[in-house]
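[1] Generate a structure from the sequence data that follows.
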Amino acid sequence: MDALIFDDDPFYGNLLLEIFDRQGLKAKYFPDGENALEEIRRERPGVILVDLMMPGLDGISICKQVKGDPPLAATKVVVVSGKSFPDDKARATWAQADLFVEKPFNISDMTAQISKLLRGRKIVLGEERQAAAPSHVWKARIWKEPGEPGCVSVIHKDHLIVFDAGQGLAHLAQDEDVWRDSREVWLFLSHFHKDHIAGLQHARRFLEAGRKMHIGGPSDGELPLQQLILRSFSDSISPEALQQQVKLYHLGEGQYQMGPDLRLNIIYTMHPGPCLAFRMEGSGRRLVFAPDSELDPNWEERLTDYGEKLVSLSKGADLLIHDARYSDEDSPRVATQGHSGPSAPFRVAVRAGVRRLLLH
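    Numbers count the residues shown, from 1 in each chain. So this is what the prediction gives:
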């Protein structure tokens, strides 16, 4: 075992876990210090990362007992805390901690520091990190024009999965190197507002290249999905050919099986008209896409049902992509327009234990 992490903040706990997990190093995360010493004695990790304040044993107590136990004394201990007062740093030094790191921390700096503590156990970054990634890891990318909604592409085995069809879809369709090995294309539309389907006509490129397509979107009485697709592809495909080459799916809240190891979970979002948020899960990876979603800035205090639904949808996600069109200061003025400020989705990510959050 390379590392044990004890932190009652799931955001930082999972972030630290990712530093090890994504590099093929073995690590375990615990949300408290209740059974810390038992776990440390059983696992004998190379390094322990502890928060100062948490239920059960606090970080200083864990550090002191580990360093005072001869069989464990050589174990490296890193104290990671949002409390950066001189007294707290002095207490960590008194307990013989090997390193004190303040939250929030720089991921690259933290990785380098832990790598030194582990000595020969190198943690790779950048291109090395990508080369070390297992083959089943998704390759995700965002395609967009400045100031405009775009699309998100995910390569999973021989499938190209695309979320939304903004102007960025044109760049994806033109870059055949990205999807050359993909046999099928799945396109999921969150809703049919013009800026989110502005690049839809460029999806014809996948059909022209001989790819089978699956397109799903919400049931919209004003603009049926089939009518939208026919309108977008009308100059390159007949209605008869469309039925043969493209499968259409009318989506609502619920769970859908895309394949043997690829699942989709969908909820409706707080946005004018039918609008969807997606959770895709497969091969041990989880991505949540909620491009247009209005969260009440005080959703936790008001116990809004929508906030809790988003937490549930995002639970343990590797990446949450969420709307943050407005600043927190503007949120009261633009309420009911269907968009969020950054703080509310950040708190969803923390509650859900999301590893990475992308606000746009």
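[2] mind listing the helices for the protein?
    With DSSP state H as the criterion, the chain has helices at 10-21, 36-43, 59-67, 86-94, 107-117, 126-132, 168-174, 176-179, 204-208, 225-233, 239-245, 299-302, 305-314, 343-352.
[3] Output the longest one as PDB - backbone C-alpha positions only.
    The C-alpha atoms that make up helix 10-21 are tabulated as PDB, following Å, rounded to 0.1, in the frame of the first residue of the first chain:
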ATOM      1  CA  PRO A  10     -14.600  14.400   0.500                       C
ATOM      2  CA  PHE A  11     -13.500  17.000  -2.100                       C
ATOM      3  CA  TYR A  12      -9.900  17.000  -0.900                       C
ATOM      4  CA  GLY A  13     -10.000  13.400   0.100                       C
ATOM      5  CA  ASN A  14     -10.900  12.300  -3.400                       C
ATOM      6  CA  LEU A  15      -8.600  14.800  -4.900                       C
ATOM      7  CA  LEU A  16      -5.700  13.300  -3.000                       C
ATOM      8  CA  LEU A  17      -6.800   9.800  -3.800                       C
ATOM      9  CA  GLU A  18      -6.800  10.700  -7.500                       C
ATOM     10  CA  ILE A  19      -3.100  11.800  -7.300                       C
ATOM     11  CA  PHE A  20      -2.200   8.200  -6.400                       C
ATOM     12  CA  ASP A  21      -5.000   6.300  -8.200                       C
END
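[4] Leu319 pairs with what?
    Leu287 (DSSP bridges).
[5] my guess is it contacts Leu359, does it?
    No: judged on Cβ atoms under 8 Å, Leu319 makes no contact with Leu359 at a distance of 11.7 Å. All C-beta spots, glycine's among them, are computed from the backbone N, C-alpha and C.
[6] These two - which one has more neighbours?
    Taking other Cβ atoms under 10 Å, Leu319 and Leu359 do not tie; Leu319 has more neighbours (20 against 16).
[7] what's the pLDDT at Leu223?
    Note on Leu223: pLDDT of 73.
[8] can you list the domains in the protein?
    If you go by automatic domain parsing, the domain ranges for the chain are 3-131, 132-359.
[9] Hmm, Ala203 and Leu187 touching each other?
    Yes: using Cβ under 8 Å, Leu187 makes contact with Ala203 at a distance of 6.0 Å.
[10] Please enumerate the shared neighbours of those two.
    Taking Cβ atoms under 8 Å, 6 or more residues apart in numbering as the criterion, Leu187 and Ala203 both touch Val162, Ala165, Met213, Ile215.
[11] From the structure, what's the count of residues near Asn265?
    Neighbour tally, Asn265, other Cβ under 10 Å: 17.
[12] Could I get the contacting residues of it?
    Gly254, Gln255, Tyr256, Phe278, Arg279, Glu281, Leu313.
[13] Mutual contacts of Leu319 and Leu359, please.
    Counting by Cβ under 8 Å, 6+ apart, no residue touches both Leu319 and Leu359.
[14] so where's the stretch 251-360 of the chain shaky on pLDDT?
    301-304, 331-334 (pLDDT under 70).
[15] can you give me the strands in it?
    Applying DSSP state E, counting those that start in this stretch to the stretch 251-360 of the chain gives strands spanning 254-259, 262-268, 276-282, 285-290, 319-322, 357-359.
[16] can you redo these as TSV with distance to Glu43?
    Output for these, formatted as TSV (distance: least, Cβ to Cβ, whole Å):
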stretch	distance to Glu43
strand 254-259	35
strand 262-268	32
strand 276-282	28
strand 285-290	25
strand 319-322	28
strand 357-359	29
